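S.K.: Coordinates only, no sequence provided:
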């Protein structure tokens, strides 16, 4: 699945969840040794975080029947099952159902970066007004349902390269109800990301097919790799990082090789071209979590979920700051925006990934669940993301923004 012009192996290795985990833990070791000018770590505070996350999880899921942290939870915003009527239109073809679910999940996740505090989506079908990630999910689903991502009116319920390449900010803004009174952060960046997605799909027929090129084509690329019906989670992520690496406009590149969502940090010292680089692949991992259910809908079991990492975004990272596990060495004004490539933000994200690994064991102890019953995909859902939103609302009402604000273009956070 790798194109003929192979990059250096040390750079190619950064397109893996194991590289994300290993290098984020190196940054944590750096901070624990007191070498960070930005943060110190209070390991004892992880117990407080674990108590809080366990409480939030039990409130949300009293029976501990916790689903995966994925885009499919957001499609149910307001208690409405929006996928069921769409799925009901599908033929009794499990593979095509999986392709369609993959199509929807991919575009919706790629549109899922911070919407800003002012944006709202009013859903005519239910009368609900939804905001933030849930609002973006509902808006993207309704655009999908209306055929906004398909170039063929006879097949509206799909996403194809030809349609994506034609999307512009005005088109996306119309479907997302954007106007002067309802601004959406990073609208132009989101539209450009979809155009880049279309071009990437068309460029890789080996991964995404040709008739048409669509995200769902990855089902046909990956299904044959499943051994006795078992597909490794890392296989999904690595295909995404291979096929979609050109789409990230703010991604880091080395010697012309696109690394995607990665940053630079002095804690990483190695004698090759990957020196100083910390990979994250946040949206790609969020997308991988969101593709578990489509593959399972086709009868495949996705295994080794904890090969993936926690998501280095502001809810998880904000939780750790707000509850004192990550301690800024100097006060940080939540209104000040820091570049996503800044050393401080790279460090904050890396610490988030590494400390979530430690937190998982503590939360499992409190819930009396093991790693198989409670993988990271469930802790995030149960879980840390909701806990991060809750503590932010308590500390910074009414909007509940993060303790550290990021100046991003709508394609990273």
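M.R.: The structure has been received and is ready for your questions. Everything quoted here is computed from the prediction, not taken from an experiment.
S.K.: What segments of this structure are strands?
M.R.: Taking DSSP state E as the criterion, the chain carries its strands at 39-41, 121-122, 129-130, 230-232, 252-254, 257-260, 262-264, 277-279, 301-303, 326-328, 337-339, 405-407.
S.K.: who's in contact with the first one?
M.R.: It refers to strand 39-41. Applying Cβ atoms under 8 Å, 6 or more residues apart in numbering, the contact partners of strand 39-41 are 28, 31-32, 34, 325-329, 344, 347-348, 351, 355. Using the backbone N, CA and C atoms, a C-beta is placed for each residue, glycine as well.
S.K.: Can you add neighbour count, distance to residue 256 and pLDDT and give these back as CSV?
M.R.: Formatted as CSV, these follow (neighbours: other Cβ atoms under 10 Å; distance: Cβ to Cβ, whole Å; pLDDT from 0 to 100):
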residue, neighbour count, distance to residue 256, pLDDT
28, 23, 31, 98
31, 21, 32, 98
32, 14, 35, 98
34, 8, 37, 98
325, 24, 38, 98
326, 27, 35, 98
327, 14, 39, 98
328, 14, 36, 98
329, 11, 37, 97
344, 18, 28, 98
347, 25, 27, 98
348, 27, 29, 98
351, 27, 30, 98
355, 26, 34, 98
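S.K.: Residue 172: neighbouring residues, count only.
M.R.: Neighbours of residue 172 under the rule other Cβ atoms under 10 Å: 23.
S.K.: Which residue comes closest to it once chain neighbours are left out?
M.R.: residue 191 (4.7 Å; Cβ to Cβ, 6 or more residues apart in numbering).
S.K.: Quick check: the gap between the residue nearest to residue 337 when sequence neighbours are not counted and residue 341.
M.R.: For residue 337, ignoring the flanking residues on the chain, the nearest one in space by Cβ to Cβ, 6+ apart is residue 407 at 3.8 Å. Residue 407 sits 10 Å away from residue 341, going by Cβ to Cβ, to the nearest Å.
S.K.: and residue 185, what is it in contact with?
M.R.: Neighbouring residues of residue 185 by Cβ under 8 Å, 6+ apart: 113-116, 119, 410.
S.K.: Pick out whichever of these sits closest to residue 286.
M.R.: Using Cβ to Cβ, residue 113 comes nearest to residue 286 of the contacts of residue 185, at 10.2 Å.
S.K.: ok, back up a step: could you verify my assumption that the residue nearest to residue 172 touches residue 174?
M.R.: No. Contact status for residue 191 versus residue 174: not in contact, 11.2 Å apart, counting by Cβ atoms under 8 Å.
S.K.: Which residue would you name as the spatial centre of this protein?
M.R.: For the chain, the residue nearest the mean C-alpha position is residue 286 (2.6 Å; Cα atoms, centre = their mean).
S.K.: Hmm, it is touching residue 111, no?
M.R.: No. Here residue 286 does not reach residue 111: they are 11.6 Å apart, not a contact under Cβ under 8 Å.
S.K.: In this protein, which helix is the longest?
M.R.: When the chain is parsed with DSSP state H, its longest helix is helix 343-367.
S.K.: List the buried residues in it.
M.R.: For helix 343-367, the neighbour count (16 or more other Cβ atoms under 10 Å) marks 343-357, 359-360, 362-364, 367 as buried.
S.K.: do the same with stretch 58-65
M.R.: residue 61.
S.K.: quick one: average pLDDT of that stretch?
M.R.: For stretch 58-65, mean pLDDT rounds to 96.
S.K.: Phi, psi for residue 374 please.
M.R.: The phi/psi pair for residue 374 (degrees, to the nearest 10) reads phi -140, psi 70.
S.K.: Look up how far residue 285 lies from it.
M.R.: Remark: distance between residue 374 and residue 285 (Cβ to Cβ) = 18 Å.
S.K.: out of these two, which sits in the busier spot?
M.R.: residue 285 (26 against 21).
S.K.: For the more buried one, which non-adjacent residue is spatially closest?
M.R.: Nearest residue to residue 285 in three dimensions, chain neighbours excluded: residue 308, at 5.5 Å (Cβ to Cβ, 6+ apart).
S.K.: Tell me, how many residues neighbour the one you found?
M.R.: By the measure other Cβ under 10 Å, the count of residues near residue 308 is 25.
S.K.: Can you tell me which of the contacts of strand 39-41 is nearest residue 95?
M.R.: Nearest to residue 95 among the contacts of strand 39-41: residue 355, at 39.4 Å, using Cβ to Cβ.
S.K.: can you tell me how far the residue nearest to residue 285 sits from residue 282?
M.R.: As judged by Cβ to Cβ, residue 308 and residue 282 stand 11 Å apart.
S.K.: for residue 90, same thing?
M.R.: 30 Å.
S.K.: Pick out whichever of the two has more residues nearby.
M.R.: Set residue 90 next to residue 282 and count neighbours by other Cβ under 10 Å: residue 282 wins out with 23 against 16.
S.K.: That one contacts residue 313, doesn't it?
M.R.: Yes. Residue 282 sits in contact with residue 313 when judged by Cβ under 8 Å, with a separation of 5.8 Å.
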